[in-house]
Every structure is written in C-alpha cells, then in structure tokens.
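Visitor: model this:
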Amino acid sequence: DKAGNQETNPGAMSQFTFVWDRTPPTAYLIQPSSGQVYMNLASITGTASDPPGASGPKKSGVTSVKLRVYSPADDLCFLGSGFGACGAAPELTVAGTDPWEYVNTALTGQLASGTTYVISVRASDAAGNVQAGFTPVISSRTIRIDKDPPTAGFTKPVQAQAYVPAAVAGGSGILGTANDALASLYPQSDALLDGGVQVVVSYLDGGTSYYYNTTACSPAAFCTTSTEAASWNTITGTTDSWKMVFPVGDWVSDKAYRAKVRARDRARVSPGTAVGNISSPGTLGRDIVDFIVDGTPPQSSVRSHLNGSFIQNLTSVFGTANSDLAGAATYFLRITTKAAGSPEAYWNGAVWTSNPTNLPVEVVGATGTVAWTYPGNILGHSAPTIIESDGVQYGLSFQAKDFAGQLSAPATNYVILDRVGPSVVITTPM
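Guide: Numbering: from 1, shown residues only. Model (predicted):
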C-alpha cells in the first residue's frame with residue numbers, strides 16, 4: 001500500500017486464470033454436398049470446432065459461425081431476403097455452433113435454376129480469433145440449382161392412331177424419350193433419376209376409368225378400383241430412350257386408351273436426398289396420347305346383288321361396312337368378268353382392262369355401319385359396260401381396311417348375266 005506494506009503470503013493474494021488462445025477455430029459444412037445439384041436449400045447445416053493450443057489442451061471455444069451464399073455469375077451475395085452487392089457485411093448468422101443450422105424460407109425462392117453458387121462458412125472463438133480462410137469441401141462448397149423438371153414424351157403409340165394389340169405389346173409397343181435441359185449441371189450429365197420415367201395407361205368405358213395396374217387389379221390387368229395416382233408404372237433400364245414392356249394379353253381390345261408419361265430428375269433437397277423435379281403431363285401428342293387398340297377386323301358386305309343372282313346390268317353396286325372402333329382407312333371394290341376362253345377382265349371406272357383395279361366407293365356415314373355405293377357421283381367413274389354374252393359370270397368383291405391395319409374378310413358375290421327374257425309358246429289350241 002502507500003504506507004509501504006506488502007503482502008508476502010501467496011495464499012492471501014487474489015488469483016485468476018486465463019487461456020492464451022491464438023489458434024483460430026474452423027467451421028465445417030455438412031449439407032449441401034459439394035458439386036451436387038439441388039432443387040431447394042431449406043436448410044444449410046454443419047459443425048464447428050476450436051482446436052486446443054500447441055502448449056496444452058486449453059481452448060477458448062467457438063462463439064459464432066457466419067455463412068455466405070455467393071453467386072459468382074453476377075458477383076452478388078444473399079443478404080437475407082434477396083441477392084445484392086456483397087459489400088462489407090455479406091455474412092449471415094446461423095443458429096448454434098456445434099452443430100449449427102441456417103434456415104431462411106426466402107433463400108430457395110431467390111436461387112435461380114441453372115445457376116452455380118458457392119457456400120462458405122467461418123467460425124469465431126471467445127478469444128477473438130476468426131477463421132482466416134476457406135478450405136474447399138470443408139468450409140466452402142460449390143453447388144448448382146435445378147428447379148426445372150425434365151421432359152418426357154411418347155414416340156409410340158402416336159396420337160389418334162389405331163393399333164392391333166400385338167402392335168403395342170412386348171418391348172416395342174410403348175416407347176418414348178426423356179431429357180433434361182439442365183443435364184450439364186450434373187456431375188456425369190446424368191440428370192434423369194434411375195427409374196425416374198413412369199407411365200400410366202387407362203381407358204374410359206361408360207364414364208368409368210379403368211387403370212392398368214397389375215398389382216391392384218390382379219388377376220385382371222385393368223380395373224376401376226385403382227386410381228391414376230396409384231397406377232404409375234416405373235420404367236426400368238435406360239431413361240433417355242425408354243420402353244414399357246406390355247404383355248399383349250393385358251390389352252382389352254376395342255377400347256380407346258389414354259397414356260401419360262412423366263419423368264423425374266435427380267436434383268436433391270437440402271438433407272441430400274435425390275427427390276427430383278417431376279414433370280406433369282399436359283401436352284396432347286407429346287406426354288399424353290390418345291389411341292385405339294382394336295383387335296376386331298372390319299365387316300363388309302355386297303347387298304345390291306346377292307350371290308348367284310341374275311342381272312341385266314350393273315348400274316349401281318352397293319353394300320355396307322363396319323370398321324368400328326378403329327375406323328375405316330380404305331375401301332376396296334373390284335368388279336370382274338371372265339368369258340369362256342378369255343382372261344379375267346377388271347373394270348377400272350371407264351373400260352375393262354386386264355390390270356387388277358381397286359375402285360373407289362362413295363360412303364355415307366362415319367361410324368358404325370356405313371353404306372357404300374359405286375359409281376355414285378365419283379368423278380371419272382361410270383357403271384360397268386356389259387360386253388359379254390348372257391350366261392357370263394361377273395364378280396363383285398369388297399373389302400374394308402381399318403386404321404389398325406386389319407382387313408375384313410372378302411365379301412364376294414358372283415352374279416350371272418341374263419338379258420334375254422323367257423319365251424312363251426302356245427301349243428293348245430292350235
């Protein structure tokens with residue numbers, strides 16, 4: 001004291017301890033993973049530690065972790081509600097230290113699809129030491145953002161086309177492609193998730209939807225008890241050019257079908273799971289197709305002249321045809337004659353010729369049973385001329401072909417020319 005008294009007893013002296021800490025702490029990133037593609041960043045997580053000193057195990061401890069989300073493309077930082085100039089305070093405060101987490105609902109909405117971002121963290125300790133640098137992967141990670149779903153479409157079946165069951169069965173019946181415009185963001189450009197292509201097939205009958213679901217509908221392939229959401233069939237194998245293996249016996253013939261396809265990429269969510277952006281079918285003729293499966297051939301008939309009947313002329317030849325459900329694609333009519341010792345002749349609309357000729361017909365009606373007529377008012381065509389002698393046979397053959405490629409059984413009637421009336425002789429009285 002000022003009087004010169006001095007405390008010499010150490011036990012009576014006031015004592016305190018402190019830690020001399022000159023070693024900076026380190027912050028670590030756990031999620032997101034470096035080099036991966038994300039569809040959202042709902043949270044960013046990590047840990048931090050303050051290493052002990054070189055002369056002993058003492059350390060002051062981590063007191064805070066700061067985070068930065070940086071866009072190299074435009075040299076901007078996320079400032080909490082949007083991106084702006086990085087300036088002097090581009091860092092964001094996280095919750096906790098070991099572990100720590102950053103959650104901001106505004107962040108995902110501000111991230112642009114197709115853009116690269118750098119996320120870095122740094123820690124500070126109680127002694128005031130601040131992490132000086134960022135070690136790639138440990139405290140600094142580069143990620144890419146993909147918010148856009150891939151696209152998928154059908155190459156077969158084709159919109160509004162008709163098929164026999166075998167044409168849309170096996171491994172070549174239902175085909176398509178899928179791609180992602182942002183595939184280059186992914187490490188191996190493998191944007192599409194394995195098993196990411198899915199197809200749903202259904203038909204409508206009496207206002208009720210029947211879905212293809214071999215699990216829910218067993219032993220049938222289509223049933224009403226399933227729903228569209230439960231009936232998406234996952235395509236195995238390659239996804240950029242995909243195929244759906246469909247057993248021919250699973251088709252219910254003579255139905256109008258609708259098929260939809262969707263695709264999912266391998267973009268991750270913030271916990272690191274590859275949930276993926278998924279496309280939503282919405283374009284008819286691309287990812288939605290309406291088509292017909294028709295295994296019933298058309299039916300056709302010649303009604304103007306019954307088989308074995310006698311004729312005086314062929315002024316009008318007519319009949320009926322039914323090509324439902326696929327619809328008629330083509331009609332074939334042939335009119336032939338063959339006199340004894342002469343080659344068969346074909347009517348070509350104007351003259352008889354030796355060349356087999358399919359004649360056009362005039363059709364009334366579009367669905368169900370339609371009526372056909374020849375020559376009707378078809379330009380350039382007239383009724384066949386009668387050039388043979390009585391007793392010569394004429395053939396009238398008609399077939400219909402539907403849009404599924406099926407031909408009706410030939411309807412052929414043969415008629416006999418008879419233009420001379422009967423003769424009458426009176427024998428009594430004389």
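Visitor: So Phe134 sits against Thr142, correct?
Guide: No: distance between Phe134 and Thr142: 11.3 Å, which falls outside the contact criterion (CB atoms under 8 Å). No exception for glycine: its C-beta is placed from N, CA and C like everyone else's.
Visitor: the strands in the stretch 251-400 of the chain, which residues?
Guide: Along the stretch 251-400 of the chain, the stretches classed as strands by DSSP state E, counting those that start in this stretch are 255-265, 288-293, 299-302, 310-311, 317-322, 328-338, 345-347, 352-353, 362-364, 369-374, 393-402.
Visitor: what helices or strands is the last one leaning on?
Guide: Put plainly, it is strand 393-402. For strand 393-402, the packing partners by 3 or more CB pairs under 8 Å, 6 or more residues apart in numbering; DSSP states H and E come out as strand 299-302, strand 317-322, strand 328-338, strand 411-417.
Visitor: Minimum distance to Val364: which of those has it?
Guide: Minimum separation from Val364 across the helices and strands packed on strand 393-402 (CB to CB) falls at strand 317-322, 9.8 Å.
Visitor: Give me the distance between Phe398 and Thr315.
Guide: 17 Å (CB to CB, to the nearest Å).
Visitor: So between these two, which is more surrounded?
Guide: Between Phe398 and Thr315, counted using other CB atoms under 10 Å, Phe398 has the larger neighbour count: 27 against 12.
Visitor: What score does that one have for pLDDT?
Guide: Note on Phe398: pLDDT of 98.
Visitor: A helix includes Ser184, no?
Guide: Yes: applying DSSP: H, G, I helix; E, B strand; the rest coil, one finds Ser184 inside a helix.
Visitor: center of this protein - which residue?
Guide: With distances taken as CA atoms, centre = their mean, Val261 lies nearest the centre of the chain, 2.6 Å away.
Visitor: Now do the same contact list for that residue.
Guide: With CB atoms under 8 Å, 6 or more residues apart in numbering as the criterion, the residues that contact Val261 are 152-154, 176, 178, 197-199, 281, 287.
Visitor: On the strand side of things, show who it bridges to.
Guide: Assessed by DSSP bridges, Val261 has beta-bridge partners Val199.
Visitor: Kindly provide the distance from it to Ala345.
Guide: 54 Å.
Visitor: Run through who's touching stretch 79-86.
Guide: So stretch 79-86 is contacted by 68, 70-71, 74-77, 90, 92, 104, 106, 110 (CB under 8 Å, 6+ apart).
Visitor: Flag every buried residue along that stretch.
Guide: Counting neighbours by 16 or more other CB atoms under 10 Å, one finds that the buried residues in stretch 79-86 are 79, 83, 86.
Visitor: Nearest to Pro298 among the residues you listed?
Guide: Minimum separation from Pro298 among these (CB to CB) is found for Phe83, which lies at 65.4 Å.
Visitor: mind checking how far that closest one is from Arg122?
Guide: Taking CB to CB, one finds Phe83 at 20 Å from Arg122.
Visitor: which sections of the stretch 251-400 of the chain are below the confidence cut-off?
Guide: Counting by pLDDT under 70, the stretch 251-400 of the chain contains no low-confidence segment.
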